[in-house]
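[1] sequence and predicted structure, then a few things I'm wondering about:
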Amino acid sequence: MKKILLVFPLLFILAGFYTGKIMDDRVKGLLKTLKLSEADVNSTIFSDISAPSFYFPNIRELKSTATGERAAMVDVVGSYVKQYVSSEDFKNQYSRFRETKKPTEPEKPKTMAQLKEEQRESLNKSLEEMKDAKAKATADQKEMYESTIQIFAEQLKQLDDPNNTMYSPEMDEYMQTAYQQQMDQYNQQVSEWEATYPANNPNFLIKNCLESFLNQTKGVDFSSQTAIGEYGKTVFVQQEYERKNSLWKLCFRSGKETTEAARKFAQDWLSELK
């Protein structure tokens, strides 16, 4: 299987164009090789770490990177990653992301008196429209409009019927009780949201990405055999390996040295965050 550079996706994507810093020439060269602009990087930077996902644009361009430079490049780019996730730009993105996860507060219900008056206004409007339409209608159509007018007039009359329970104080009490239950649930959800997405502290996102990377790249067997399968596709001889995730397979293709460098960087960083 032809080797290509291991993409430690979290590291490379987040490296980006670190605001306010002069990038290492090797990182500049890599981004030039990958044909990535600042806009390209910024469009994927936070979505990848918050998912987490390991999407990486222009992966085919990585083939031109020399094999012996790959492990060293992991540390170079990794250093920029750690700087970037401490930047205000990253924190601001996290704050916006955090707000999208906040539970929606239930809308306070209107009183029965408010709903009654809204219904009265709606019926009066419809009644006037029917009367106007009747006045403009032909003789054979007027009876149809008159029937509708009588229905609206009867509904208006029922609004003030003391036996109509629709707008009773009991309904007010029921609506308020339901609203309070919704608010209790909302307050509980907010507490859980605050614990899950702490303000001004995106470290848990970094941890999740690092842990996901380490879990998906665990136990790569660099001695495993491959063969040419159907349609000329290179596949693993062992079906167990063929069922592995794409990141695991990418590590295999990139080689042991690069993979171990990426995993060590992730493990060291994870230890710092715990």
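    Looks like it arrived, so ask away. None of the values given here were measured: they were computed from a predicted structure. Residues are numbered from 1 along each chain as shown.

[2] bridged to Ile228, which residues?
    Thr234 (DSSP bridges).

[3] number of residues surrounding it?
    10 (other Cβ atoms under 10 Å). In short, each C-beta sits where N, CA and C put it, glycine included.

[4] which helices and strands sit right next to the longest helix along the chain?
    The longest helix of the chain (DSSP state H) is helix 169-196. On a contact count with 3 or more Cβ pairs under 8 Å, 6 or more residues apart in numbering; DSSP states H and E, helix 169-196 meets helix 112-136.

[5] the helix it packs on vs helix 169-196, what angle?
    110 degrees (axes from the mean of the first three to the mean of the last three Cα atoms, to 10 degrees).

[6] which other helices and strands contact the helix or strand following helix 112-136?
    Remark: after helix 112-136, the chain's next helix or strand is helix 139-159, criterion DSSP states H and E. Here helix 139-159 touches helix 112-136, going by 3+ Cβ pairs under 8 Å, 6+ apart.

[7] what separates the helix it packs on from the chain centre, distance-wise?
    44 Å (Cα atoms, centre = their mean, to the nearest Å).

[8] what sits up against that helix?
    110, 142, 145-146, 148-149, 152-153, 155-156, 159, 166-169, 171-172, 175 (Cβ atoms under 8 Å, 6 or more residues apart in numbering).

[9] can you list the buried residues in it?
    112, 115-116, 123, 126-127, 130, 134 (16 or more other Cβ atoms under 10 Å).

[10] looking at those residues, which is nearest Asn201?
    Among the buried residues of helix 112-136, Leu115 lies closest to Asn201 (Cβ to Cβ), at 43.7 Å.

[11] relative to Ser168, how far out is that closest one?
    Taking Cβ to Cβ, to the nearest Å as the measure, Leu115 falls 12 Å from Ser168.
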